[in-house]
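Visitor: please work out how this folds:
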Amino acid sequence: MQSELDALDQKLAQLVQLTQRLRAENLQLRQHVAAALNEQRKSQDKLSQAAQRIEGILEHLPAESA
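Guide: Here you go, the predicted model:
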């Protein structure tokens, strides 16, 4: 009976350790996703600004004569 309790205690300790490791990994992954989304937003903003500048330049070009 004691050996069964010891085995159960060991399995429970492993489960707790695995849960802690997975929580830490999950937190790290959430941080990576947040950073990636932030970079994506910055890139989209830069792209939008570049598109606006190009549109402004195109408006100042003379019209093509046919």
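Visitor: so for the strand or helix carrying Gln28, what's the average pLDDT?
Guide: Element membership for Gln28, per DSSP states H and E: helix 2-60. In this model, helix 2-60 has a mean pLDDT of 97.
Visitor: can you give me how far it is from the chain middle?
Guide: 4 Å (CA atoms, centre = their mean, to the nearest Å).
Visitor: stretch 57-66 now?
Guide: 42 Å.
Visitor: show me which positions of stretch 38-45 end up buried.
Guide: Residues of stretch 38-45 include none that count as buried (16 or more other CB atoms under 10 Å). The way it works is simple: take the backbone N, C-alpha and C, and place the C-beta from them, glycine included.
Visitor: in PDB, could you pull the C-alpha coordinates for it?
Guide: Extracted in PDB, the C-alpha atoms of stretch 38-45 (Å, rounded to 0.1, in the frame of the first residue of the first chain):
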ATOM      1  CA  ASN A  38       3.100  44.800 -32.400                       C
ATOM      2  CA  GLU A  39       5.700  44.500 -35.100                       C
ATOM      3  CA  GLN A  40       3.000  43.700 -37.600                       C
ATOM      4  CA  ARG A  41       1.100  46.800 -36.600                       C
ATOM      5  CA  LYS A  42       4.200  48.900 -37.000                       C
ATOM      6  CA  SER A  43       4.800  47.400 -40.400                       C
ATOM      7  CA  GLN A  44       1.300  48.100 -41.500                       C
ATOM      8  CA  ASP A  45       1.500  51.700 -40.300                       C
END
